[in-house]
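J.: Below are the sequence and a predicted model; questions follow.
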Amino acid sequence: MALRSLASKKTLTLGLYSTRRLAQSRALQTLSLPDLPYDYGALEPAISGDIMKVHHQKHHQTYITNYNKALEQLHEAIEKGDSSTVVKLQSAIKFNGGGHINHSIFWKNLAPVREGGGEPPKDSLGWAIDTNFGSLQTLIQRINAEGAALQGSGWVWLGLDKELKKIVVETTANQDPLVTKEPNLVPLLGIDVWEHAYYLQYKNVRPDYLKNIWKVINWKYASEEYEKECA
């Protein structure tokens with residue numbers, strides 16, 4: 001037992017040393033808030049400018065700030081060989097890093113009406129939607145139902161299963177990225193159903209938010225991602 005314990009400690013020490021050397025060889029890569037490709041008020045009346053501004057400047061920025069802080073603490077913990085702190089920081093990195101990943105996709109999933117927001121897909125993605133769900137309207141109803149039924153906070157997704165070459169509807173809790181559901185899933189479209197995404201405008205009526213967001217959905221972006229991942 002003593003020899004096994006000694007071997008375990010030696011393995012852990014070597015592992016932390018290797019991780020520490022790897023961390024030393026790379027610059028610390030922190031995140032920064034991406035610019036939106038449109039003005040805050042450009043999605044009105046579907047999503048108000050006030051919501052977009054708070055959502056982007058406050059909520060998304062908070063995920064980035066907390067992720068960078070956790071990353072710096074992780075770097076310090078690895079330098080010190082503090083395995084306990086390294087483990088404790090994983091949940092903060094996943095939550096805040098996921099918040100950044102999801103929101104970065106979300107902003108691209110939206111577009112002003114004058115720039116094509118709400119225009120249905122007519123290319124290969126449109127064909128895939130008809131094949132897998134029967135029609136775009138049926139897909140929208142499915143996503144709205146899944147999003148409205150999601151307890152607490154989270155996301156509802158249209159994703160591509162790269163292994164099966166099939167589009168699917170999935171939900172994730174909190175700020176979990178779609179890839180945490182299945183490693184072969186690629187997000188094409190993600191809708192934020194946290195209350196901060198709609199409460200200022202729609203109060204607690206999430207179904208109304210889900211109904212109206214389709215007026216500014218950027219199907220062009222989703223189609224481009226679908227074609228890229230299917231190539």
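T.: Looks like it came in fine. Predicted, not measured: the structure shown is a model, and the values here were computed from it. Numbering: from 1, shown residues only.

J.: Tell me how many other residues crowd Glu119.
T.: Glu119 has 13 neighbouring residues, counting by other C-beta atoms under 10 Å. Every C-beta, even on glycine, is put in place using the N, C-alpha and C of the backbone.

J.: Let's verify Val156: helix, strand, or coil?
T.: At Val156 the chain is in strand, as set by DSSP: H, G, I helix; E, B strand; the rest coil.

J.: for the one 3 residues further on, same thing?
T.: Following three-state DSSP, the label given to Gly159 is strand.

J.: pLDDT below threshold where in the protein?
T.: Along the chain, the model assigns pLDDT under 70 to residues 1-27.

J.: Tell me which residue is most central in it.
T.: Asn102 (1.7 Å; C-alpha atoms, centre = their mean).

J.: Please tell me how far it sits from His59.
T.: Look at Asn102 and His59: by C-beta to C-beta, to the nearest Å, they are 11 Å apart.

J.: What residue, apart from its backbone neighbours, is nearest Tyr202 spatially?
T.: Tyr209 (4.4 Å; C-beta to C-beta, 6 or more residues apart in numbering).

J.: For the one you found, give its distance to Gly98.
T.: Look at Tyr209 and Gly98: by C-beta to C-beta, they are 21 Å apart.

J.: repeat for Trp214
T.: Taken as C-beta to C-beta, the span from Trp214 to Gly98 is 24 Å.

J.: next one: Glu119
T.: For Glu119 relative to Gly98 (C-beta to C-beta), the value is 29 Å.

J.: Sketch out the strands for this structure, chain order is fine.
T.: Per DSSP state E, the chain carries strands over the ranges 154-161, 166-173, 185-192.

J.: List the pairing partners of the first one within its sheet, with orientation.
T.: The one in question is strand 154-161. Here strand 154-161 has these sheet partners by DSSP bridges: strand 166-173 (antiparallel), strand 185-192 (antiparallel).

J.: which parts of that strand are buried?
T.: Gly154, Trp155, Val156, Trp157, Leu158, Gly159, Leu160 (16 or more other C-beta atoms under 10 Å).

J.: now do stretch 181-200
T.: Under the neighbour-count criterion of 16+ other C-beta under 10 Å, stretch 181-200 has 181, 185-194, 197-198, 200 buried.

J.: All set now, cheers.
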